[in-house]
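# coordinates for the following, if possible.
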Amino acid sequence: CLPRQREGALVARRVGFADVRALTTAELQQGLDRDSGLHVLNVQTDKFFAGELIPGSRRVSLDTIGPGTPELAKDAEIVTYCGGSACSQSIEAAKKLTELGYTNVRAYREGLEGWKAAGNKIVAPSPAPAA
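Numbers count the residues shown, from 1 in each chain. Next comes the predicted model:
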C-alpha cells in the first residue's frame with residue numbers, strides 16, 4: 001500500500017501496532033552473524049536506558065526519532081528493540097519509522113530481556129569521541 005498523494009505532497013500512512021513486523025531472537029542472531037547490513041537500534045528513552053546494547057547495535061532514543069533521524073536509506077533493513085516484551089518502545093519506534101517512510105522495519109519485541117535469556121552477551125556503548 002502506498003501513501004496517498006495530495007497536491008504533490010506525500011501524505012504519511014498511519015501505522016497501527018498490529019502492522020509492525022517482528023522477528024525472533026534466532027532471526028536477529030542470524031542477521032547479525034551474516035553481517036548483512038542490518039541496522040539494529042536500541043530505542044530506549046533516557047528514563048529506561050541502563051547502558052546495555054546488543055553487540056552490533058547502536059542507540060537511537062525513541063524520543064529523537066523524526067525526519068532525518070536515523071540517517072539511513074529509506075529501504076535500509078532496520079530492527080528496533082528495547083528492554084523486553086513488557087516494553088512497547090520498540091514497537092512505537094518501528095511504527096514511527098514506518099510512518100516516516102522507512103520500508104524495511106521490524107521490531108525485536110523480546111528485547112534485551114530475551115537476548116540475555118537466550119544466553120547472549122550484551123555490551124556497553126562506546127564512549128563518544130572527544131571534541
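# to which secondary structure element is the residue nearest the centre of the chain assigned?
Centroid check for the chain by CA atoms, centre = their mean gives T80 as the closest residue, at 1.8 Å. Here T80 sits within strand 78-81, counting by DSSP states H and E.
# identify the residues contacting that strand?
With contact meaning CB atoms under 8 Å, 6 or more residues apart in numbering, strand 78-81 is reached by 23, 28, 31, 38-43, 54, 57, 70, 72, 89-91, 93-94, 97, 102, 104-112, 115. (C-beta placed from N, C-alpha, C; glycine too.)
# distance of the spatially closest residue to T69 that is not a sequence neighbour relative to A118?
Distances taken as CB to CB, 6 or more residues apart in numbering put V60 closest to T69, at 6.8 Å, once the chain neighbours are dropped. V60 sits 23 Å away from A118, going by CB to CB, to the nearest Å.
# who's more crowded, those two?
Counting neighbours by other CB atoms under 10 Å for V60 and for A118 shows that V60 has the greater number, 21 against 13.
# so who does the more buried one touch?
Contacts of V60 (CB under 8 Å, 6+ apart): 41-43, 69-70, 93.
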